[in-house]
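Participant: Sequence and predicted model, in that order:
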Amino acid sequence: MSAPTIETSYREAVREAIRDAIKRDPRVFLMGEDVGRYGGCYAVSKGLYDEFGPERIRDTPLSESGFTGAGIGAAMGGMRPIVEIMTVNFSLLALDQIVNNAATIRHMSGGQFSVPLVIRMATGAGRQLAAQHSHSLEGWYAHIPGIKVVAPATLEDARGMLWTALEDPDPVVIFEHVMLYNRTGPLAADAGPVAIAAAAVRRAGTDVTMITYGGSLYKTLEAAERLGDDGVAAEVIDLRSLRPLDDATVMTSVAKTHRAVIVDEGWRSGSLAAELSARIMEQAFWALDAPVGRVCSAEVPIPYPKHLEDAALPQVPVIVAAARATLGL
Amino acid sequence: MSAPTIETSYREAVREAIRDAIKRDPRVFLMGEDVGRYGGCYAVSKGLYDEFGPERIRDTPLSESGFTGAGIGAAMGGMRPIVEIMTVNFSLLALDQIVNNAATIRHMSGGQFSVPLVIRMATGAGRQLAAQHSHSLEGWYAHIPGIKVVAPATLEDARGMLWTALEDPDPVVIFEHVMLYNRTGPLAADAGPVAIAAAAVRRAGTDVTMITYGGSLYKTLEAAERLGDDGVAAEVIDLRSLRPLDDATVMTSVAKTHRAVIVDEGWRSGSLAAELSARIMEQAFWALDAPVGRVCSAEVPIPYPKHLEDAALPQVPVIVAAARATLGL
Amino acid sequence: MSDAGTYVGDTKLHLNRDHALHLLREMLRIRRFEERCAELYTEEKIRGFLHLCIGEEAIAVGTMQCLTPDDAVLATYREHGHALARGLPMTTLMAEMYGKREGCSRGRGGSMHLFDAATRFYGGNAIVGGLLPLAIGLALADKMQGRARVTACFFGEGAAAEGEFHESLNLAALWQLPVLFVCENNLYAMGTALERSESETHIFHKAQSYRIESEAVDGMDVLAIEVAARRAVAAVRAGEGPRFLECLTYRFRAHSMFDAQLYRDKAEVEVWKQKCPVLRLGHWLEETGMLDRAERARIEAEIEGELEAAEAFAEGGTWEPVEDLARDVYTEQPA
Amino acid sequence: MSDAGTYVGDTKLHLNRDHALHLLREMLRIRRFEERCAELYTEEKIRGFLHLCIGEEAIAVGTMQCLTPDDAVLATYREHGHALARGLPMTTLMAEMYGKREGCSRGRGGSMHLFDAATRFYGGNAIVGGLLPLAIGLALADKMQGRARVTACFFGEGAAAEGEFHESLNLAALWQLPVLFVCENNLYAMGTALERSESETHIFHKAQSYRIESEAVDGMDVLAIEVAARRAVAAVRAGEGPRFLECLTYRFRAHSMFDAQLYRDKAEVEVWKQKCPVLRLGHWLEETGMLDRAERARIEAEIEGELEAAEAFAEGGTWEPVEDLARDVYTEQPA
Ligand SMILES: Cc1ncc(C[n+]2csc(CCOP(=O)(O)OP(=O)(O)O)c2C)c(N)n1
Ligand SMILES: Cc1ncc(C[n+]2csc(CCOP(=O)(O)OP(=O)(O)O)c2C)c(N)n1
Ligand SMILES: [Mg+2]
Ligand SMILES: [Mg+2]
């Protein structure tokens, strides 16, 4: 980018996106547990309460189902709510509202009512928070017809996806990986909304396609670098949108590399990685020179100790090995 | 079977299994909405309340999270509860208890406490119950480490899986497809517990492997018959256990047929069928002569009218076509 | 009939003959519509689940008198009465029961999912308790946008056991939202009697524990309901926060078409049938001379005509083409 | 100090010097353990989330005096105090904080997931409200098996907004289960003040709406808590159904180690620190001549010793081998 840039963090980029949205549209408000006076459990909304007040930065009681459903209702009532569920771990308590109401109402009502709602939540492991606070369930949400799911992994996307999601007439769920909030880097001073439908090739390569999203992007890019040191040119695709999936970008790359590895922090069985593998099977089977590989989390409740948590999650050496395996190395 | 048989229904087989379990073990009891005086929303427990009384056939209030969690606690307290969640549609309200407690407690407590709980629920579409009452979320449950998931499709399994599940020291979820309850047929008079880990080959064949489970088994068998009429010998595998999956039976068959189609009533993206396709990719890629096919539900909230519901669900002609496609026919 | 004493304030106005006959007609429309639906179910014109509110008509009819077109309404899967009382045409309603494209939900929802933007009828929700958070949100939107609108939601006493009931009442009271909660306490949740599902069987006491002004009303007395609803709606509209009405009623028919009713004895049902809100208002109108045989016959004939027209409309309706299956899963957006 | 009037019945017995000193010692053990944990967190020996109950020690200590080894205990992620008061050895507890294999949960759980079969300590639950249904089930098992055991569960006032709170209280009251509910009302749920999360701020009034006998207690007065808990536990054990105690208390420290405490002012914190339950009992013991400098020093030295031993135990502990990662996801079954 030639435009002037500022040094910022993922957390600040999300905050800026929220501030921008609230200023742009009087119908937008943020609602969730401790988004206001506390400043957000990951400090994302810090300062916004003082700037916009309790109506538009609305603290809620511990009632995930209640306030998520209220967000759906408010969206039907003409508002543009941003519901923050602190983390995906607690979103299970709101899943009935999301699956049975947000995702169905437009179709079930014959197109009469739509739900222009955005739900943000933190996801993922890595902070030693143990079994009940380390889930990665993006794949579950990507299974639900009627909602859209995105996973911003870069500063640009953290800054730009929210407004685009708010302009979408249907419910959009945004997953923010907990390990990304502290990431810093340069961002165009005039950074704004970005399209959310297409995947992005974050690193070009010809030997193997590495497909990932969210918190796993940087591990995958690091693995790609290491592969490069060994003369393996890996192409890295950041899915960005988990529902719908951008098959074209994936298949174009696989047609070129003939090999693919999917990196996904979700538990392996029934992961989003499985869906990608199945789609490559269906759409690019004849182009494959090796079976598509998956690097996912071990199928265990994530343990507290660092060494066990690390062992449970996708790590660079394993990703490198999986990529090399597709090349018979 | 040479043993004398009785004519019975899937519903009666499940009821008999519950009755048998309650008689065998004083720690066993059935708990759920309307399991008692009403006789069960699908009449499964009809008569059991009069036979065993309110303690062991326990009606609960409409509190899915509350009584499912109570089942987890009662299991830790030495009982062997059978929690009936009327349908998978309502189980979303209990998912926090299942994912964050039932599935984690043993591992998280370092093996000190286990949860010998059985949860039964009806699943699937086909009765024109529309968008909120027609989910097939077996694939979601099969994603959760710490629980086991089974889907009895036959009278033998409906009769035999419950006791085996109750003897399992860990939580087991049993899915009963709503379209199976009225199925009748012969069952060995002395039918009893069956093993739940292994998949079953319901029809032997050499040309293509058709993998399915639960309510889709009979559609798949019918499709296999039609294929047979055209000289295509399809092998039909009933997974029976959805977690863990019996890879060996699947791969053995694929190694023989070199082709596979998975039939799964779940929505296509992120379905259990995707996991099976990915596993075949990983374990049998070199044996494949064609990409593995999937026949799943359309990614829409299931509509009420018969013609649209039929169009949304896997049907025999589509299954036949998918199998033929793997043969280039 | 409720003793005249209860007819106070502005409700007197509504006790002129026209209004009284209107109430009777509205209840009869619901009664006849559902009786016919039961027949059409056995004829397999209507499929899926069918939940009839026969015996409970007074609640929907009495309450709807107090709402304006701007207000919002949400109900459960037992909502034919609410839809009719709210003003959905019987034609599109019947077409929906058939699953025809001309139905109020394009045929996609059927009996449990009646929707209508024109009357702000937000369904038709088949998850017990699931509509309550939606009502909170609709009311929150009104409050935030400074609109003096009321969101009325109807639910059974069974919903009071669900966590969503608790979370929603707290939010409504905490944020002082313009919600009218109407609990239709018909003593049973499917086959589970209230005393077997709640430690506190007065649902309105539960609402009071959130500091919501609440009262119990005779759910078989349409006038008593209108009086209570008018008072409650006025307070809600005036910005005094949520109100809660517990209407004591009874379901004359089975829970759905698959219910053997093993859980209650016929005698109990008969006792309640004596309290039928339609009979009750009818008798009272005859006693007070507001209604005579001829008038009654005229009303019934009128309703039969409406019903026949609705059925003809449904029969003449079309099936949504299979190609449109995925339409409106997402909003079609200009490319 | 609580006026002598409240010391009635068998609670007198417990006011001998030994018992009073025992209460002080127990509270001090918790206080010192957590103060040390805070230091160890900055030293990065302890990671993840760390929630301290400093200021709230009286609740766990007062209540645990009334339980027997057969009873069951459940708590939240703020449960170090409950674990210590329940009798978990400080050694295995500290090892768990480190994530060592010798920890009470084999190191898998850490601060938020302390488990111990020997003392029937069922965790350590990090989902707000999530432990309540488990308590219902444990009590149901006891009732069905005719065991006169009590299940005590501890949770914050924030949990009262969750649907699971509502469903659980109803089940306990409906089925008359032997559950002791102890709500630790420290006025804040993270940064959300109670009056911003509940329309009814008296949590015990909520419990009453389920017909559960409930009372509010001074959570900074260990003796008042023991008196109330003894009364409640006796009733629960006698089969009189559940009881509910709301203990009014305050968290002296931040919610967790990541909390800037923007939501409350220092003055408020200072006011509450004056009510410190440890100081309070200490002063009272000195006034009544039950405790002198020497004795106090002895107790503190004893605790320092225990703490040092615990830390040494944790330091000397081992890391679970990575090969055991998947162990106990499922029970190993004899092939
Ligand atoms: C969350 C949920 N659980 C269970 C059901 C199944 N179910 C449908 S209606 C019903 C009874 C509801 O009773 P009540 O709320 O009193 O309403 P009524 O049918 O009496 O009008 C039940 C258990 C459901 N639809 N949703
Ligand atoms: C269901 C759920 N939602 C949100 C959280 C995040 N969270 C952890 S502690 C907490 C505050 C709980 O407050 P309270 O119940 O009063 O207990 P306290 O921390 O004050 O002891 C929140 C919101 C959670 N752990 N679980
Ligand atoms: Mg009812
Ligand atoms: Mg608190």
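Facilitator: Thanks, I have the structure now. Numbering: from 1, shown residues only, chains lettered A, B, ... in the order given. Ligands and ions are numbered 1, 2, ... in the order given.
Participant: what's the burial count for residue 89?
Facilitator: In the absence of a named chain, this looks at chain A. With neighbours defined by other C-beta atoms under 10 Å in any protein chain shown, the count for residue A:89 comes to 24. Quick note: C-beta positions are derived from backbone N, CA and C, even for glycine.
Participant: let's do chain C instead
Facilitator: 18.
Participant: what's near enough to touch it?
Facilitator: By C-beta atoms under 8 Å, 6 or more residues apart in numbering or on different chains, residue C:89 lies in contact with C:104, C:310.
Participant: and the residue in chain C that ligand 3 sits nearest to, what are its bridge partners?
Facilitator: The minimum distance from chain C to ligand 3, using C-beta to the ion, falls at residue C:156 (3.6 Å). Counting by DSSP bridges, residue C:156 is bridged to residue C:184.
Participant: Excluding covalently adjacent residues, which one is nearest to the spatially most central residue of chain A?
Facilitator: When C-alpha atoms, centre = their mean is applied to chain A, the residue found nearest the centroid is residue A:151 (1.8 Å). Using C-beta to C-beta, 6 or more residues apart in numbering or on different chains and skipping the chain neighbours, the partner closest in space to residue A:151 is residue A:214 (4.0 Å).
Participant: Also residue C:92?
Facilitator: In space, residue C:92 comes closest to residue C:104 once its chain neighbours are excluded; the distance is 4.3 Å by C-beta to C-beta, 6+ apart.
Participant: The residue nearest to residue A:151 contacts residue A:179, correct?
Facilitator: No. In this structure, residue A:214 sits apart from residue A:179 without contact. The criterion is C-beta atoms under 8 Å, and the distance is 9.1 Å.
Participant: hang on, residue C:282 packs against residue C:296?
Facilitator: Yes. Counting by C-beta under 8 Å, residue C:282 sits close enough to residue C:296 to count as a contact (7.4 Å).
Participant: strands paired with the host helix or strand of residue A:173, and their directions?
Facilitator: Element membership for residue A:173, per DSSP states H and E: strand A:172-177. Within its sheet, and counting by DSSP bridges, strand A:172-177 is paired with strand A:118-123 (parallel), strand A:148-150 (parallel).
Participant: Mind listing what's buried along the last one?
Facilitator: If I follow you right, that is strand A:148-150. A:148, A:149, A:150 (16 or more other C-beta atoms under 10 Å in any protein chain shown).
Participant: right, is the helix or strand following that strand up against chain C?
Facilitator: Scanning forward in sequence from strand A:148-150, with DSSP H and E defining helices and strands, the next element found is helix A:155-167. No. Under the criterion of C-beta under 8 Å from any C-beta of the partner chain, chain C is not reached by helix A:155-167; the shortest gap measures 9.8 Å.
Participant: who touches residue C:70 in this structure?
Facilitator: When contacts are counted by C-beta under 8 Å, 6+ apart, residue C:70 is found next to C:120, C:147, C:149.
Participant: In a markdown table: those residues, plus neighbour count and distance to residue D:136.
Facilitator: Supplementary listing: those in a markdown table, determined by neighbours: other C-beta atoms under 10 Å in any protein chain shown; distance: C-beta to C-beta, whole Å:
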| residue | neighbour count | distance to residue D:136 |
| --- | --- | --- |
| C:120 | 22 | 40 |
| C:147 | 14 | 42 |
| C:149 | 21 | 40 |
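Participant: Among the residues you listed, name the ones in helices.
Facilitator: Counting by DSSP state H, none of the members of the contacts of residue C:70 fall within helices.
Participant: out of these, who's near ligand 2?
Facilitator: Of the entries in the contacts of residue C:70, none also sits close to ligand 2 under the rule C-beta under 6 Å from any ligand atom.
Participant: count of neighbours near the residue in the stretch 101-250 of chain C positioned nearest to chain D?
Facilitator: When you check the stretch 101-250 of chain C against chain D by C-beta to the nearest C-beta, the closest residue turns out to be residue C:163, at 1.6 Å. Counted by other C-beta under 10 Å, the residues lying close to residue C:163 total 29.
Participant: Surely it and residue D:168 touch.
Facilitator: No. Contact criterion C-beta under 8 Å: residue C:163 and residue D:168 do not qualify, at 9.3 Å.
Participant: Please identify every residue contacting each of those two.
Facilitator: Taking C-beta under 8 Å, 6+ apart as the contact criterion, the common neighbours of residue C:163 and residue D:168 are residue B:66.
Participant: what about the strands in the chain?
Facilitator: All of this refers to chain A. Using DSSP state E, the strands found in chain A span residues A:5-9, A:28-32, A:57-59, A:80-87, A:118-123, A:148-150, A:172-177, A:184-188, A:200-203, A:208-212, A:234-238, A:241-243, A:260-267, A:293-297.
Participant: Actually, chain C is the one I wanted.
Facilitator: In chain order, chain C shows strands spanning C:72-76, C:121-125, C:151-156, C:179-185, C:188-189, C:192-193, C:213-218, C:243-248, with DSSP E as the criterion.
Participant: Touching the last one from outside, list them.
Facilitator: Read it as strand C:243-248. Outside of strand C:243-248, the residues within contact range by C-beta under 8 Å, 6+ apart are C:58-59, C:63, C:157, C:169, C:179-185, C:202-204, C:207-208, C:212-220, C:225, C:228-229, C:232-233, C:235-236.
Participant: is the longest helix along chain C anywhere near chain B?
Facilitator: When chain C is scanned for its longest helix (criterion: DSSP H), the result is helix C:17-42. No. Judged by C-beta under 8 Å from any C-beta, helix C:17-42 makes no contact with chain B; its nearest approach is 11.5 Å.
Participant: quick one: average pLDDT of that helix?
Facilitator: Here the mean pLDDT over helix C:17-42 is 98, rounded to a whole number.
Participant: Residue 267 - how many residues pack around it?
Facilitator: You didn't say which chain, so I picked chain A. The burial metric for residue A:267, expressed as a neighbour count using other C-beta under 10 Å, is 23.
Participant: wait, chain C
Facilitator: Using other C-beta under 10 Å, residue C:267 has 8 neighbouring residues.
Participant: And for the one 5 residues further on?
Facilitator: Residue C:272: 18 surrounding residues under other C-beta under 10 Å.
Participant: Same question for residue C:334.
Facilitator: Here the number of neighbours of residue C:334 (other C-beta under 10 Å) works out to 3.
Participant: Please export the C-alpha coordinates of stretch C:236-252 as CSV.
Facilitator: Presented in CSV, the C-alpha positions along stretch C:236-252 are these (Å, rounded to 0.1, in the frame of the first residue of the first chain):
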residue,chain,number,x,y,z
VAL,C,236,-46.6,-0.2,28.6
ARG,C,237,-47.3,2.3,26.0
ALA,C,238,-46.9,5.1,28.5
GLY,C,239,-43.3,3.9,29.1
GLU,C,240,-44.0,2.4,32.5
GLY,C,241,-42.1,-0.8,31.5
PRO,C,242,-43.3,-4.3,30.9
ARG,C,243,-46.5,-5.8,32.2
PHE,C,244,-47.4,-9.5,32.7
LEU,C,245,-50.8,-11.1,32.4
GLU,C,246,-51.4,-14.7,33.5
CYS,C,247,-54.6,-15.9,31.8
LEU,C,248,-56.1,-19.0,33.4
THR,C,249,-57.5,-21.2,30.7
TYR,C,250,-57.9,-24.7,29.4
ARG,C,251,-57.2,-26.6,26.2
PHE,C,252,-60.4,-28.4,25.2
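Participant: Give me the distance between residue C:19 and residue D:284.
Facilitator: For residue C:19, the distance to residue D:284 under the criterion C-beta to C-beta, to the nearest Å works out to 71 Å.
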